[in-house]
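S.K.: structure of the sequence below:
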Amino acid sequence: MTAPLRAKKKNQTIVWAILGLLVISLTGFGVRSVGSGGSQAIGTVGDQKITVNEYVTVLNNQLRAISQQIGQNITLEQGLSFGLGEQVITQVFNTAALAGENDRIGLSIGDNLVKENLLATQAFQSLTGQFDKAAYEFALERANLTPSEYDETIRKDTARTLLQAAVVSGVQANDTYGMALLGYFGEVRGFSWAKVDASLLTEPTREPTAAEVEALYRANPDQYTSAEARTITYLLLSPDMLIDSIQSDDAALLELYKDQDARFNQPERRIVDRLVFASTAEAQQALDQITAGSKIFADIVATRGLELADVDMGEVQKGDLSAAAGEAVFLVGQPGLIGPVESALGPALFRVNAVLAAQNTTFDQARDELHREFVADKARRQIDDDITNVDDLLAGGARLEEIADETPMVLSTIDYTSGDQDGIAAYDEFRTAADAVNEGDFPEVVTLEDGGIFALRLDGIIAPALIPLAEVNSRVIADWKSAETRKRVLELAAELKTRLEAGETFADMALVAKAETDMRRDAFVDTAPRGLVLDIFKLAHDGVTISESGDNIALSQVTSITAFDEGSEISKALLTSVAQQYSTQVGSDMLAAFTAALQDEAGVSINQPLINAVHSQTSSQSPRHGG
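M.R.: Prediction:
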């Protein structure tokens, strides 16, 4: 079979791919304004030149593909941040390397196949299926290509595909590889396991001696060393600090109450669903079915091709409904089905899901809440007014201590450790500023989330230091007892493992075991130590193991091993799938190695400044890669 005939089945896909590139207008990226035009080379592989037009065409096509994948158009800057530039450069240089190899060995396709592909391209056909010369010329004009250039593009791309196929066609996975892989991952096991913890110890862990405490303390200085701390002086003014000094009057509170009437006084409401019918008879028939118990409301909704969300009216007041519907719906005092009743859209069934009683809060009842809101708002406004004054004082060189004397701000000092969340360190804004400040930095006013403000100064850094044993004695004792308990539990687990291996059961040892079945290597057992399943797959049948993850310790035993069924139809299908994946992966690796070798042999040059110029030009315009 000749090369053109072998390629014939693939040519339709190739032509469509080429056509997809052709219809992308290069002017959308403004490449013509780069240097002397799109024919400039961004690089070479041997004597194969890669033009700006070729690079931008592939770049544009990749942007379109990514945009389609994520469901929204992305900019060139976003694409480059994803590594798109490197991917496109790799692609166009690989293409050039393969093209150069085709030229060297003289691989090409005949004119007849080019003509067949051209005439068979649906984008160039009329409604009757005949070749449409006007459509053909329009597509080439948009791509700024002549017919001979387009023919040559088809010829080169098809020949390159033949070369690629020749490189990877010999990669075939045998059954040995697939069965080894499926045999490993397809094996399932059953096992029993039980936790071993301190509750099984016959005696509690003793208290350590002073010598043991000191030995642990000396052996683990990192655990008992203080973190680096920053001594920070700061000014703070928060709304809470001003509230007690702010007074309110009934006139102002009454005005607030009136402005928020809808908040304090709400009429009776219902949460309802409404299902509208074409006639009262249809509505009555549906109600009868529900009353008889043959269907429920959701069934009736579904038969209409709707979802419950489609009939949900949410929370409504009487006035939101028609006169008849309002009377009927608000007559009931509990959830239920109502109808048929005439709604604004026609005969309907209403389902009342909840009854919300009217809420009426008097001014006297709301007074305290209104007062708190009033003074809090006034405090925030006062702080806003103070910001300018504090900024001016800082700009004038005033120290924090001096500002504290002249303003309501309060001066404090803290030894702050990164991650602290006590006191003022509970504020995200303070922690961010405290972590970033350096000695000598000019204090600035920062606003807190609750409307407060602060300014800080770094006075010094306290280096990490070993904390005296007297200050951490209780911690060291707790650590010693925890380690000692874990040691004893592991010793007990080892004894129980020996007994289990000798033929005793979990029940014989008064252990409550859990049975797991049909577990694969990637299974996860909740509450079990991490790695327990992997430990199980290292054992033979009836094998016993101890798994541990921190203080989580478990004893387990294999109860069944089921090998992968090689003869089942599912297994055969899996084997075929694995073989295809293997062939594709290895073929891809071989092609990458082949093109890399071609580039090494031919020599590669890249014009990075021109590529950067292309990116700069295209970034300043609006790419037309939307669908």
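S.K.: low-confidence stretches in the chain?
M.R.: 1-39, 173, 618-627 (pLDDT under 70).
S.K.: tell me how it divides into domains.
M.R.: Taking automatic domain parsing as the domain assignment, the ranges for the chain are 3-170+585-619, 188-213+472-562, 229-244+364-462, 268-357.
S.K.: quick one: the residue nearest in space to the middle of the chain from residue 86, how far?
M.R.: Computing the C-alpha centroid of the chain and ranking residues by C-alpha atoms, centre = their mean puts residue 70 first, at 12.6 Å. Distance, residue 70 to residue 86, using C-beta to C-beta, to the nearest Å: 19 Å. Bear in mind the C-beta positions are built from the backbone N, C-alpha and C, glycine included.
S.K.: let me see the ranges of the helices in the stretch 401-550 of the chain.
M.R.: 428-436, 469-501, 532-536 (DSSP state H, counting those that start in this stretch).
S.K.: quickly compare these and say which is most buried.
M.R.: helix 532-536 (a mean of 20; mean count of other C-beta atoms under 10 Å).
S.K.: pull the distance from it to the chain's centre.
M.R.: Put simply, helix 532-536 sits 30 Å off its chain's centre (C-alpha atoms, centre = their mean, to the nearest Å).
S.K.: stretch 358-365 now?
M.R.: The mean C-alpha position of stretch 358-365 is separated from the chain mean by 46 Å, C-alpha atoms, centre = their mean.
S.K.: got the CA positions of that stretch in PDB?
M.R.: The C-alpha trace of stretch 358-365 is given here as PDB (Å, rounded to 0.1, in the frame of the first residue of the first chain):
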ATOM      1  CA  ALA A 358     -47.000  38.500  62.200                       C
ATOM      2  CA  GLN A 359     -44.200  40.100  64.100                       C
ATOM      3  CA  ASN A 360     -44.800  43.500  65.800                       C
ATOM      4  CA  THR A 361     -42.000  45.000  67.900                       C
ATOM      5  CA  THR A 362     -42.900  48.200  69.700                       C
ATOM      6  CA  PHE A 363     -40.500  51.100  70.000                       C
ATOM      7  CA  ASP A 364     -40.000  50.400  73.700                       C
ATOM      8  CA  GLN A 365     -39.100  46.800  72.900                       C
END
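S.K.: list of residues touching it?
M.R.: 253, 254, 257, 264, 265, 266, 267, 268 (C-beta atoms under 8 Å, 6 or more residues apart in numbering).
S.K.: I figured the first one was touching residue 368, is that so?
M.R.: What that stands for is residue 253. No: applying C-beta atoms under 8 Å, one finds residue 253 not in contact with residue 368, separated by 9.7 Å.
S.K.: wait, residue 472 sits on residue 214?
M.R.: No: counting by C-beta under 8 Å, residue 472 stays clear of residue 214, with 11.6 Å between them.
S.K.: and the strands in the stretch 351-500 of the chain, which stretches?
M.R.: 359-360, 410-416, 446-447, 453-462 (DSSP state E, counting those that start in this stretch).
S.K.: nope, the stretch 51-200 of the chain is what I meant
M.R.: With DSSP E, counting those that start in this stretch as the criterion, the stretch 51-200 of the chain has strands spanning 188-195.
S.K.: in it, which spans are helices?
M.R.: 52-70, 76-81, 84-105, 111-120, 133-142, 147-168, 175-186.
S.K.: now do the first one: which elements does it pack against?
M.R.: Secondary structure elements in contact with helix 52-70, counted by 3 or more C-beta pairs under 8 Å, 6 or more residues apart in numbering; DSSP states H and E, are helix 3-22, strand 41-45, helix 76-81, helix 84-105, helix 608-619.
S.K.: over to the fifth one?
M.R.: Judged by 3+ C-beta pairs under 8 Å, 6+ apart, helix 133-142 is in contact with helix 3-22, helix 147-168.
S.K.: that helix vs helix 147-168, what angle?
M.R.: 80 degrees (axes from the mean of the first three to the mean of the last three C-alpha atoms, to 10 degrees).
S.K.: and helix 133-142 with helix 111-120, angle?
M.R.: Using the same axes, to 10 degrees: helix 133-142 against helix 111-120 is 100 degrees.
S.K.: what are the buried residues along helix 133-142?
M.R.: 136, 139, 140 (16 or more other C-beta atoms under 10 Å).
S.K.: may I see those arranged in a markdown table, with distance to residue 164 as well?
M.R.: A markdown table is the format used below for those (distance: C-beta to C-beta, whole Å):
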| residue | distance to residue 164 |
| --- | --- |
| 136 | 27 |
| 139 | 26 |
| 140 | 26 |
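S.K.: if we take those, which one ends up nearest to residue 458?
M.R.: residue 139 (66.4 Å; C-beta to C-beta).
S.K.: mind checking how far the closest one is from residue 537?
M.R.: From residue 139 to residue 537 the distance is 58 Å (C-beta to C-beta).
S.K.: repeat for residue 502
M.R.: In terms of C-beta to C-beta, residue 502 sits 23 Å off from residue 537.
S.K.: distance of residue 46 relative to residue 369?
M.R.: 81 Å.
S.K.: again with residue 444
M.R.: Counting by C-beta to C-beta, the gap from residue 444 to residue 369 is 36 Å.
S.K.: quick one: closest of the helices of the stretch 401-550 of the chain to residue 330.
M.R.: With C-beta to C-beta as the yardstick, what comes closest out of those is helix 428-436 (47.4 Å).
S.K.: perfect, that will be all.
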